[in-house]
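Undergrad: one predicted model, sequence on top.
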Amino acid sequence: MKTLKWLGWITVSIMLLALTGWKAAAQDITGTWYNAEKDAKIQIYKSGEKYYGKIVWLKNPNDANGNPKKDVKNTDKKKTNEPLMGLLLLKNFKKDNEKEYSGGTVYDPKSGKTYDCNITVKSSTELSIRGYIGVSLFGRTTIWTKAN
């Protein structure tokens with residue numbers, strides 16, 4: 001009888017741990033990620049309660065003249081002389097839950113435009129980056145992969 005009680009307590013304990021303590025670890029977006037084209041690496045980091053991302057590597061960091069590439073397509077003419085290396089692409093994201101981040105913006109240096117954005121963790125090696133104007137329904141999604 002004591003053995004059955006003991007097995008019952010072990011079973012209950014395992015079930016409670018499975019429901020509360022053994023959850024999969026929350027997916028963390030911090031780290032370095034390749035963009036979809038794999039021609040840039042973006043480091044995502046947390047500052048305070050918000051998340052940001054900046055370019056830390058470019059496959060082709062220099063222009064045709066051998067100078068560091070600049071943000072030439074920026075719609076703000078004052079920023080067109082800023083280097084792409086170190087450029088802040090992701091701004092002001094807040095963590096909604098284990099897999100979703102929202103409230104931020106993504107800057108696309110290829111078009112010079114900034115979009116509202118949501119980030120969804122697809123797996124420990126993939127992020128879904130959804131840029132949009134106004135409503136998320138009307139936007140574009142790209143997949144970033146974890147860089148080693």
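TA: Okay, I see it.
Undergrad: output the lowest mean pLDDT helix or strand found in the chain.
TA: In the chain, the helix or strand scored least confidently by mean pLDDT, DSSP states H and E is helix 2-19, which has a mean of 43.
Undergrad: so which bits of the next helix or strand after that one are buried?
TA: Per DSSP states H and E, the first helix or strand lying C-terminal to helix 2-19 is strand 31-34. If you call a residue buried by 16 or more other C-beta atoms under 10 Å, then strand 31-34 has these buried ones: Thr32, Trp33, Tyr34. The way it works is simple: take the backbone N, C-alpha and C, and place the C-beta from them, glycine included.
Undergrad: once you drop chain neighbours, what's closest to the first one?
TA: Across the structure, with C-beta to C-beta, 6 or more residues apart in numbering as the measure, the residue nearest Thr32 apart from its sequence neighbours is Ala147 (4.4 Å).
Undergrad: wait, that neighbour touches Asn35, no?
TA: No: using C-beta atoms under 8 Å, Ala147 is not in contact with Asn35, being 9.9 Å away.
Undergrad: more neighbours: which of these two?
TA: Ranked by neighbour count (other C-beta atoms under 10 Å), Ala147 and Asn35 place Asn35 first, with 20 against 17.
Undergrad: ok, the residue most central in space within the chain - contacts?
TA: Against the mean C-alpha coordinate of the chain, by C-alpha atoms, centre = their mean, the closest residue is Ile29 at 5.0 Å. Residues near Ile29 by C-beta atoms under 8 Å, 6 or more residues apart in numbering: Ile44, Tyr51, Tyr101, Ile119, Val121, Leu127.
Undergrad: ok, and what's touching the biggest strand by length in the chain?
TA: The single longest strand within the chain, with elements called by DSSP state E, is strand 113-123. Applying C-beta under 8 Å, 6+ apart, the external contacts of strand 113-123 come out as 27, 29, 51, 75, 90, 93, 98-102, 104-108, 127-134, 136, 139, 143.
Undergrad: cutoff 7 Å now
TA: Outside strand 113-123, the residues within contact range by C-beta atoms under 7 Å, 6 or more residues apart in numbering are 27, 29, 75, 93, 99-102, 104-108, 127-133, 136.
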